[in-house]
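**Q** Pasting a predicted model and its sequence here:
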Amino acid sequence: MTPPPGKLADAITRFARLLRAAGLALGPGAVVAAIRAVELVGLARREDVYWALHGHFVSRHDQHDLFDQAFALFWSNPRLLEHFLAALLPEAPATPAERAQVMRRLAEALGGPQGPQPARRETLERDARWTASPREVLQGRDFEKMSLTEIAQAKQAIAGFRPLLPDRPSRRWRTAAVGVPDMRRSFRASLRGGGDFLALKRRARAHRPTPLVVLTDISGSMDRYARLFLHFMHAITNDRDRVHSFVFGTRLTAITRHLRQRDVDLALEQVSAAVTDWAGGTRIGHCLRAFNRDWARRVLGQGATVVLVTDGLERDAGAGLGEQMARLRRSCRRLIWLNPLLRYDAFEPRAQGVRAILPFVDRFLPVHNLEALGDLAAVLTEKPS
C-alpha cells in the first residue's frame with residue numbers, strides 16, 4: 001500500500017475523490033489535513049494510515065463501512081474493481097441490505113457494474129407484479145442511501161416539481177372585463193369620443209404570488225439533503241417570481257441570483273463558488289440574527305411563507321435561537337420547518353436547538369426523499385389561513 005514519497009498527496013487526493021463520489025462530504029480542508037496527518041504518522045504501519053485518514057474523512061458512524069471498504073480496495077490495488085467486488089465485507093453492526101448498499105455505491109463511484117443482473121427475464125416478469133415499481137421505490141428511498149444512478153434519477157424528478165404557490169391580492173388594480181366600475185378610465189374614454197357616449201370600464205384587484213423565503217442548512221450533517229433540495233429550489237425559482245433563497249452554515253449567504261440561471265448545473269456551480277462554509281459547522285441562531293437584521297424587511301412583506309430546512313443541531317447549543325425564531329415568526333405569514341431527522345419513527349426533540357425552534361413553526365415535515373418533497377409541494381400550494 002505504500003506509494004512513492006513524491007506521490008503521497010496525489011494518492012490521498014484520489015482516495016478522497018473516490019469517497020466524495022461515493023457520497024461522503026469532503027472539502028479541500030479535510031484532504032489537506034489528512035495529508036499532513038499521514039505525513040506525521042508515517043507509512044510504516046497500515047493501521048496508522050487507516051486511522052489518520054479515518055479521523056479526517058469520517059464524520060458519522062454510518063460512514064464507517066463505506067470508508068472501510070474503500071480503504072481496503074484503494075490501498076491494496078486502486079485499479080482493480082473486480083478485486084473489490086470479490087472482497088468479503090467485514091463484520092459490522094449493519095444489516096445485510098445496508099452492507100450491500102455500501103458495496104453498490106462504491107462500485108458505481110469507481111465506474112464498475114452495479115451488480116449482477118437477473119439470469120432469466122421470464123423470472124423477473126413473473127415476480128414484478130408482487131414488487132413495487134422502480135419509480136415507487138425511488139420515491140420512498142432516503143437521499144442519504146441513494147446510489148449515484150438513483151441520485152441522477154431523483155434530480156430529473158425534482159426538476160419536474162412545479163408547486164402552484166398561492167396568489168395574494170395586491171393594492172394595485174388591473175383592467176378587467178368583470179369587476180367594479182372604473183370611472184376615471186370610463187370618462188377618459190368618453191372624452192376621446194367627444195363626450196357623447198360613455199363606455200363603462202371595469203377594474204379588479206391585481207394578484208401577485210405570495211413571497212416564498214427558503215433558509216437551507218448546508219452543514220456537514222445536512223450535506224446530501226441540502227444538495228438535492230437546492231435542485232428543488234432551482235425548479236421553483238425558475239417557475240415563479242418572488243422566491244428568495246438563502247443557505248447557512250456558520251454564515252448566511254443569499255443565493256437567489258445564482259438560482260435564476262436556467263441551467264441547473266451552472267446555477268449550483270455558482271452557488272458552490274459563492275458559499276465558503278459548505279459542509280462545515282452550524283450556527284443557526286447567529287445566521288437567523290443576520291437574516292432578521294439584513295433581509296427580513298426586504299423579503300418578508302405581503303404574507304410571506306418561510307421554509308426553514310435544518311436538522312436543528314448546532315454548535316452553539318441553541319443560544320439565542322428562540323429569540324430569533326420568535327422574531328422571524330412575527331415577520332411572516334407561516335413558517336414551515338423541514339427536518340430530515342423526522343424520517344426516524346423514534347425521533348424526539350431532545351436537542352436544545354430543536355426545542356428552541358419547534359414552538360414557532362406552523363408545519364413540521366420531513367425532507368429525506370422524493371415523497372417528502374411532494375408533500376412539501378402540496379403544503380406550499382395551500383393558501384395560508
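**A** Yes, it's here.
**Q** switch to C-alpha atoms for all contacts and neighbour counts from now on
**A** Noted.
**Q** Got the confidence number for Ser221?
**A** Note on Ser221: pLDDT of 84.
**Q** What is the burial count for His231?
**A** Look at His231: counted by other C-alpha atoms under 10 Å, it has 23 neighbours.
**Q** let me fix that: Arg315
**A** Arg315: 12 surrounding residues under other C-alpha under 10 Å.
**Q** Are we agreed that it is in a helix?
**A** No. Judged by DSSP: H, G, I helix; E, B strand; the rest coil, Arg315 forms no part of a helix; its state is coil.
**Q** For the strand or helix carrying Phe229, enumerate the helices and strands it packs against.
**A** Using DSSP states H and E, the element containing Phe229 is helix 223-237. On a contact count with 3 or more C-alpha pairs under 8 Å, 6 or more residues apart in numbering; DSSP states H and E, helix 223-237 meets helix 148-159, strand 243-248, helix 256-259, helix 264-274.
**Q** Which is the succeeding secondary structure element to the second one?
**A** Read in the C-terminal direction, the helix or strand following strand 243-248 is strand 252-254, with elements assigned using DSSP H and E.
**Q** Give the rounded mean pLDDT of the host helix or strand of Leu191.
**A** Using DSSP H and E, Leu191 falls within helix 183-192. Across helix 183-192, the average pLDDT comes to 79.
**Q** For whichever strand or helix holds Val31, buried residues please.
**A** Val31 belongs to helix 28-41 when assigned by DSSP H and E. Of the residues in helix 28-41, 30-31, 33-35, 37-38 count as buried by neighbour count, 16 or more other C-alpha atoms under 10 Å.
**Q** in the chain, which ranges drop under the pLDDT threshold?
**A** For the chain, the stretches with pLDDT under 70 are 1-6, 76-136, 163, 166, 193-198, 317-318, 384-385.
**Q** quick one: the top strand by length along it to chain centroid distance?
**A** Longest among the strand segments of the chain by residue count, using DSSP state E, is strand 167-181. Taking the mean of its C-alpha atoms, strand 167-181 sits 38 Å from the chain's own mean (C-alpha atoms, centre = their mean, to the nearest Å).
**Q** Can you point out the buried residues in that strand?
**A** Result for strand 167-181 [16+ other C-alpha under 10 Å]: buried residues Arg168.
**Q** Could you do stretch 236-245 as well?
**A** So stretch 236-245, judged by 16+ other C-alpha under 10 Å, has buried residues 236-238, 240, 243-245.
**Q** now swap in stretch 288-295 and tell me
**A** Buried residues in stretch 288-295, counted by 16+ other C-alpha under 10 Å: 288-292.
**Q** From Asn238, how far out is Arg162?
**A** Going from Arg162 to Asn238 by C-alpha to C-alpha, to the nearest Å gives 10 Å.
**Q** Could you do Gly281 as well?
**A** According to C-alpha to C-alpha, Gly281 and Asn238 sit 30 Å apart.
**Q** How about Trp295?
**A** From Trp295 over to Asn238 the distance is 21 Å, taken as C-alpha to C-alpha.
**Q** what do you get for Asp62?
**A** 36 Å.
**Q** circling back to that earlier point, let me see the residues that make contact with the helix holding Phe229.
**A** Helix 223-237 has contacts (C-alpha atoms under 8 Å, 6 or more residues apart in numbering) with 23, 25, 143-144, 155, 158-163, 216-218, 243-245, 256, 259-260, 264, 267-268, 278-279, 340, 367-368.
**Q** would you put the C-alpha positions of the longest strand of the chain in CSV?
**A** The C-alpha coordinates for strand 167-181 follow below in CSV (Å, rounded to 0.1, in the frame of the first residue of the first chain):
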residue,chain,number,x,y,z
ASP,A,167,-51.5,34.3,-5.2
ARG,A,168,-52.4,37.2,-3.0
PRO,A,169,-54.4,40.4,-3.9
SER,A,170,-52.2,43.4,-4.1
ARG,A,171,-53.0,47.1,-3.7
ARG,A,172,-52.8,47.6,-7.5
TRP,A,173,-55.6,47.4,-9.9
ARG,A,174,-55.8,45.9,-13.4
THR,A,175,-58.2,46.3,-16.3
ALA,A,176,-60.8,43.5,-16.2
ALA,A,177,-63.9,42.5,-18.1
VAL,A,178,-65.7,41.8,-14.9
GLY,A,179,-65.2,43.9,-11.7
VAL,A,180,-66.0,47.2,-10.1
PRO,A,181,-66.6,50.3,-12.4
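**Q** State the next helix or strand along the chain beyond the helix holding Leu191.
**A** Using DSSP H and E, the first helix or strand after helix 183-192 is strand 202-209.
**Q** ok now the helix or strand that that next one is followed by, how far from the chain's centre?
**A** Next in sequence after strand 202-209, counting helices and strands by DSSP H and E, comes strand 212-217. Averaging C-alpha positions (C-alpha atoms, centre = their mean) puts strand 212-217 11 Å from its chain's average.
**Q** ok, now which ones touch Phe143?
**A** Counting by C-alpha under 8 Å, 6+ apart, Phe143 makes contact with 151, 224-225, 228, 368-369.
**Q** mind running it again at 10 Å?
**A** Shown in contact with Phe143 (C-alpha atoms under 10 Å, 6 or more residues apart in numbering): 150-151, 154, 224-225, 227-228, 340, 367-370.
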